[in-house]
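# Fold the following.
(chains A and B)
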Protein chains: 2
Amino acid sequence: MTKRTIGGAVIGYGGMGNFHSEKMQTVDGIELIGVYDIDPKQNELAKSRGIHAYASREELLADPRIDLVTVATPNDVHKEIVIAALAAGKNVICEKPVAMNSAELDEMIAAANKYGKLFTVHQNRRWDEDYLTVKKIFDEKQLGSIYRIESRVHGSRGIPSGWREEKEHGGGMVLDWGVHLLDQMLTMMGDAKLLSLYATLTNITNDECDDGFTVLAKFDNGVEWIAEVGTCNYIEMPRWYAFGDSGSVIIRNWDCEGEIAKIYNRGEDDVPPIQAGAGLTRTMAPRNEKTVEKFPVEKVKSDWAEYYKNVIATLHGEAEIVVTHDQQRRLMKLLEAVFESARKGEVIHF
Amino acid sequence: MTKRTIGGAVIGYGGMGNFHSEKMQTVDGIELIGVYDIDPKQNELAKSRGIHAYASREELLADPRIDLVTVATPNDVHKEIVIAALAAGKNVICEKPVAMNSAELDEMIAAANKYGKLFTVHQNRRWDEDYLTVKKIFDEKQLGSIYRIESRVHGSRGIPSGWREEKEHGGGMVLDWGVHLLDQMLTMMGDAKLLSLYATLTNITNDECDDGFTVLAKFDNGVEWIAEVGTCNYIEMPRWYAFGDSGSVIIRNWDCEGEIAKIYNRGEDDVPPIQAGAGLTRTMAPRNEKTVEKFPVEKVKSDWAEYYKNVIATLHGEAEIVVTHDQQRRLMKLLEAVFESARKGEVIHF
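Residues are numbered from 1 along each chain as shown, chains lettered A, B, ... in the order given. Reported below is the predicted structural model:
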């Protein structure tokens, strides 16, 4: 039996819309039928690249060749467009953050259920190789019981200009990179229950929207997770850092440069104190080389086309969707808790 | 006029007692008269090094040649010994943490006032070169307005064995390295008001006492300060990290290896997005080299003998004591707040 090729379209042809259009043009089993952007210049850009551009959103949604619509617009119009696409009988991928808040998301999920269509979110960074590498180390207990995972993304450009700086459009870094880092956290922690979180935001370049944040979350599996985004960091801290009772790992960048240290005898005897600064320390003396082994991190290979392949297979009834409604709801509730914690200056308990 | 040499003595001749004895033997203006330890073996060790060891604490305190007693015993007996020494008419340096809690400290300060003697604490790490280097960068506003300072000390041996593992003796890392890192924080922040703190403790190698902690403190000068001690970190994170609105600094170790980045144009135009993991990012794209300059950190030189020199000059009426009662009290209240925050899982507001 030959499987039908999925007809795809993209609403919103900016940076991420272009990204999705390219995916639809390169992944087997899906074909890009066309795009639509509210800005005529973007439609002209699409045409110049040989891509059909619709005259209106309505025209796009009325095209029966289209099975799947990817929504890549500013955040504040996701809800309206996603629901319109579902009502038109289309399956929908929405860019992240899926909605401005969990109430909006609930309306979107209700529409997906009402119209019986697939509705999922482009949480593409679950396919990041650095993330998958740390996840493998965690899942395989390579560091023993894990006590701490730190996930940082540091840049120095502030918030990108445009709607991402404006609160009414869902701007700010919690709703940008935060959506990725906190989705990775929830996914890696799996069934572990989130107990509490404390969040602080920065407003260095922008009063209206957060241009960075730090979240400290505690889970009932004993893990403390620090997630941090900075856009005024002219020197970057490592992308990942974690330690457990039998080792530590550092991953410096997206290319997974870094190392693992595994321990063979934590309590060394007769350690002489070292001079460190204006004092002595035995506690912080370096380890005997015989008790610790360091080796480079082995990168887990990944292909972000897997995201589209999963959507296509799900539409053919051959797979379960990876990014589920429950996960979207859990993440959106978490993002709300981050804002609540920062606003009140208090820990949120779950 | 020839100044009288100060007669010094040390009670408690363990690791730090030996450190103080060496100081008294090498700093001009002070002479080591003798030591006393409750453990006869330690007194024998002192004698083998040509140092007079008293037969009892009482005998030491009764020696009129002694002007200054340094107390370097386990934490839980500081109060009793310090008050006995003050009552005997001695000036006193006490090892850190000065007391088990602020109520004990208040008794000690009352005794110092009653007997009219100097009473100070060995906060030696105010003379650490790495700390003084960061402090200079902060004081000179080399990074503009500072938003974040991160101060970490990572080791991998757990808590040193002995009384430091026992709660009743004041064990654990908050009362060990924490006293240093949080004293450095308060000293560098000067008159800025501490607004709030959130603390989490680890108990990886030891149930009774914390073997590490993370404190996130906010000050009314806009600084968020993270202080962290870890003793199960087989790979170390940098000793210091900070950023302000015109630059960042990283200092990797006690030798001040690290760099400063200074920024000339934060908002670059027309930055192309980069591929990073399974997605694109403009926010996290590396900077144009023309807009940022990096150079090595210049280490501030220091000499921890300055601590003793300040005490000696104060005894001669020629200086003000650097480590004051008010500072001791403020730090002890902060340490109590750290324990309270961790116990309750809540933010403490000041």
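
# And the helices in the stretch 1-150 of chain A?
Using DSSP state H, counting those that start in this stretch, the helices found in the stretch 1-150 of chain A span residues A:15-26, A:40-48, A:57-62, A:78-87, A:102-115, A:129-139.

# Against which helices or strands is the fourth one packed?
Contacting helix A:78-87 under the criterion 3 or more C-beta pairs under 8 Å, 6 or more residues apart in numbering or on different chains; DSSP states H and E are the following elements: helix A:57-62, strand A:68-71, strand A:91-94, helix A:102-115. The C-beta positions use only the backbone N, C-alpha and C, and glycine is treated the same way.

# Same list (the ones you listed) but as CSV, adding mean pLDDT and mean neighbour count.
Output for the helices and strands packed on helix A:78-87, formatted as CSV (pLDDT from 0 to 100; neighbours: other C-beta atoms under 10 Å in any protein chain shown):
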stretch, mean pLDDT, mean neighbour count
helix A:57-62, 98, 16
strand A:68-71, 98, 26
strand A:91-94, 98, 25
helix A:102-115, 97, 17
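
# looking at these, which is closest to residue A:279?
helix A:102-115 (50.7 Å; C-beta to C-beta).

# List of residues touching the closest one?
Identification of contacts with helix A:102-115 by C-beta atoms under 8 Å, 6 or more residues apart in numbering or on different chains yields A:78-79, A:82-83, A:86-87, A:89, A:92, A:94, A:98-99, A:118-119, A:325, A:328-329, A:332-333, A:336.

# Please list only the buried members of those residues.
A:78-79, A:82-83, A:86, A:92, A:94, A:98-99, A:118-119, A:325, A:328-329, A:332 (16 or more other C-beta atoms under 10 Å in any protein chain shown).

# tell me the angle the longest helix seen in chain A makes with helix A:102-115.
Looking across chain A with DSSP state H, the single longest helix is helix A:325-344. Interaxial angle of helix A:325-344 relative to helix A:102-115 (axes from the mean of the first three to the mean of the last three C-alpha atoms, to 10 degrees): 170 degrees.

# who touches helix A:325-344?
Contact with helix A:325-344 is made by A:97-99, A:101-102, A:105-106, A:109, A:112, A:119-121, A:123, A:174-175, A:178-179, A:182-183, A:186-187, A:194, A:197-201, A:210, A:213, A:215, A:347-348, A:350, as judged by C-beta under 8 Å, 6+ apart.

# Helices of the stretch 251-350 of chain A, residue ranges please.
Taking DSSP H, counting those that start in this stretch as the criterion, the stretch 251-350 of chain A carries its helices at A:305-315, A:325-344.

# Show me the one of those helices that comes nearest residue B:30.
Once the helices of the stretch 251-350 of chain A are compared by C-beta to C-beta, helix A:325-344 is nearest, at 51.4 Å.

# how distant is that closest one from the center of its chain?
Put simply, helix A:325-344 sits 14 Å off its chain's centre (C-alpha atoms, centre = their mean, to the nearest Å).

# Show me the shaky parts of chain A.
A:1-2, A:266-270 (pLDDT under 70).

# Break it into its domains for me.
A:6-122, A:126-257+A:297-303+A:334-349 (automatic domain parsing).

# Now render those as TSV, adding distance to residue B:162.
Compiled in TSV, these are given as follows (distance: least, C-beta to C-beta, whole Å):
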stretch	distance to residue B:162
domain A:6-122	52
domain A:126-257+A:297-303+A:334-349	22
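
# what's the closest of those to residue B:258?
Closest among the domains of chain A, using C-beta to C-beta: domain A:126-257+A:297-303+A:334-349, at 8.7 Å.

# about what we covered before: compare the domains of chain A and give me the one nearest residue B:70.
domain A:126-257+A:297-303+A:334-349 (36.2 Å).

# could the helices of the stretch 251-350 of chain A be laid out in CSV, adding distance to residue B:23?
Formatted as CSV, the helices of the stretch 251-350 of chain A follow (distance: least, C-beta to C-beta, whole Å):
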stretch, distance to residue B:23
helix A:305-315, 63
helix A:325-344, 46
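
# I'd like to know which of those helices is closest to residue A:283.
From the helices of the stretch 251-350 of chain A, taking C-beta to C-beta, the stretch that ends up closest is helix A:325-344, at 32.5 Å.

# Next, format the helices and strands packed on helix A:78-87 as JSON lines and append distance to residue B:138.
Formatted as JSON lines, those follow (distance: least, C-beta to C-beta, whole Å):
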{"stretch": "helix A:57-62", "distance to residue B:138": "53"}
{"stretch": "strand A:68-71", "distance to residue B:138": "46"}
{"stretch": "strand A:91-94", "distance to residue B:138": "44"}
{"stretch": "helix A:102-115", "distance to residue B:138": "41"}
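
# Show me where the stretch 101-250 of chain A has its strands.
A:119-121, A:146-154, A:194-202, A:212-219, A:224-230, A:240-244, A:247-251 (DSSP state E, counting those that start in this stretch).
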